[in-house]
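Asker: pasting a predicted model and its sequence here:
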Amino acid sequence: MSTSQVKADYRIIPVPERDILGEGPWWSRADQFLIWVDIWGRKIRRCRIDGSAYQHWDTPSDIGFVVPGGPDWWIAGLADGLHWFSPREGSFSSASLGPAVPDGHRLNDGKSDRAGRLWFGTIREDGMAPSASLYRFDGSTLEEVLGGVTTSNGLGWSPDGRRMYYTDSPARTITAFTDPPETGRLDGSSRFSRDPADYTPDGLTVDSEGYVWSAKWDGAKVVRYAPDGTPVLELLLPIRRPTSCMFAGPDLDVLAITSARSPEDDATGESLAGSVFLVDVGVTGLPESPLSFTRT
């Protein structure tokens, strides 16, 4: 199976400002909103896919992700741990739900599995040693399920929920774990893919055919992989640092891609860096599951 390259035929979500480090896109079927975060810009953003009904909320620290649990509460991964967030009030709970985050670390990417459990990880900010972790939270129990990670990143599940894809960016690997939906406890693992040294895997999503889409930081592309790990498509983008992707739209047929920008990008004329790109890729995605537990 050969890998084809396609230059993305994209459009941009028209919002008032570009992200510094856009991440964590999440499509809410219930109200037809795309939700995402700007980690270093310390913002949660939400709008329709055409950019209308735009809102943003400032966050008290760097924010790795938000995942909705209901119309009036989400879970936010702030630098120091999990917090309840009220989009109606724009407020965060004062007490962290955990975990204890060591100095020099912060929460990073997070997502709900098919059963509505929350999975999220931490990042060692200097990237020098594998001292971060991956966690699972079901509303009452917080459990470390994997240690020895450098940058816990993209997460996704196969259509039947029995396989979890997990990214450790500095290791340049995506690992496939057996993840029985009945227990949510990881069993066997195998290397799904490994990237070359000139770019790294970031956020990912899985389509309705069971193929994995992985954003490539410094690679200026999103790569689609067959379920056996074979790359079949490189979707080429006009920016160096796509960060994550998620299927969006009423029919889940548009790939929404977040991105990052830097002063160097502006200086070199990369004026679209930090935008959210929308690409019709010819396949549909899978609906994301809101959190299955309730706020306590």
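Answerer: Yes, it's here.
Asker: how about the strands of the stretch 51-200 of the chain, start to end?
Answerer: 55-58, 63-70, 73-78, 81-86, 91-92, 105-112, 118-124, 132-137, 142-149, 152-157, 163-168, 173-178, 189-194, 200-206 (DSSP state E, counting those that start in this stretch).
Asker: redo the ones you listed as JSON lines? Include distance to E288.
Answerer: Any C-beta I mention is one placed from the backbone N, CA and C, and that applies to glycine too. Formatted as JSON lines, these follow (distance: least, Cβ to Cβ, whole Å):
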{"stretch": "strand 55-58", "distance to E288": "19"}
{"stretch": "strand 63-70", "distance to E288": "8"}
{"stretch": "strand 73-78", "distance to E288": "13"}
{"stretch": "strand 81-86", "distance to E288": "17"}
{"stretch": "strand 91-92", "distance to E288": "22"}
{"stretch": "strand 105-112", "distance to E288": "7"}
{"stretch": "strand 118-124", "distance to E288": "12"}
{"stretch": "strand 132-137", "distance to E288": "16"}
{"stretch": "strand 142-149", "distance to E288": "20"}
{"stretch": "strand 152-157", "distance to E288": "10"}
{"stretch": "strand 163-168", "distance to E288": "14"}
{"stretch": "strand 173-178", "distance to E288": "19"}
{"stretch": "strand 189-194", "distance to E288": "20"}
{"stretch": "strand 200-206", "distance to E288": "9"}
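Asker: for the ones you listed, which one sits closest to F293?
Answerer: With Cβ to Cβ as the measure, strand 63-70 is the member of these nearest F293 (7.1 Å).
Asker: which one of the strands of the stretch 51-200 of the chain lies closest to I12?
Answerer: strand 55-58 (16.7 Å).
Asker: can you list the weak-confidence ranges in the protein?
Answerer: Where the chain drops to pLDDT under 70, the residues are 1, 269.
Asker: please repeat the previous calculation with a cut-off of 90.
Answerer: Per-residue confidence of the chain (counting by pLDDT under 90) places the weak regions at 1-3, 70-72, 94-96, 102, 125-131, 178-189, 262-271, 294-296.
Asker: please, where are all the helices along this protein?
Answerer: For the chain, helices defined by DSSP state H occupy the ranges 263-267.
Asker: output the strands of the stretch 51-200 of the chain as TSV; include the columns mean neighbour count and distance to T243.
Answerer: As requested, these are exported to TSV (neighbours: other Cβ atoms under 10 Å; distance: least, Cβ to Cβ, whole Å):
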stretch	mean neighbour count	distance to T243
strand 55-58	15	17
strand 63-70	24	12
strand 73-78	23	15
strand 81-86	21	21
strand 91-92	16	23
strand 105-112	25	9
strand 118-124	25	13
strand 132-137	23	18
strand 142-149	15	18
strand 152-157	26	9
strand 163-168	25	11
strand 173-178	19	15
strand 189-194	15	17
strand 200-206	26	5
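Asker: closest to S4 out of those strands?
Answerer: Ranking the strands of the stretch 51-200 of the chain by proximity to S4 (Cβ to Cβ) places strand 189-194 first, at 16.7 Å.
Asker: and that closest one, what does it pack onto?
Answerer: Applying 3 or more Cβ pairs under 8 Å, 6 or more residues apart in numbering; DSSP states H and E, we find strand 189-194 packed against strand 173-178.
Asker: hmm, back to that, out of the strands of the stretch 51-200 of the chain, which gets nearest to S259?
Answerer: Evaluated with Cβ to Cβ, the strands of the stretch 51-200 of the chain place strand 200-206 nearest to S259, the distance being 9.9 Å.
Asker: neighbouring strands - and their directions - for that closest one?
Answerer: Strand 200-206 sits in its sheet next to strand 212-217 (antiparallel), going by DSSP bridges.
Asker: which positions within stretch 15-27 qualify as buried?
Answerer: For stretch 15-27, a neighbour-count test (16 or more other Cβ atoms under 10 Å) marks V15, R18, D19, I20, L21, G22, E23, G24, P25, W26, W27 as buried.
Asker: centre of the chain versus that stretch, how much separation?
Answerer: Centre-to-centre, stretch 15-27 and its host chain are 11 Å apart (Cα atoms, centre = their mean, to the nearest Å).
Asker: could you do stretch 7-14 as well?
Answerer: 19 Å.
Asker: likewise stretch 151-158?
Answerer: 7 Å.
Asker: what residues does that stretch touch?
Answerer: For stretch 151-158, the external contacting residues (Cβ atoms under 8 Å, 6 or more residues apart in numbering) are 108-111, 113-114, 119-124, 127, 132-134, 163-170, 174, 179, 201-206, 210, 212, 214-215, 227, 244.
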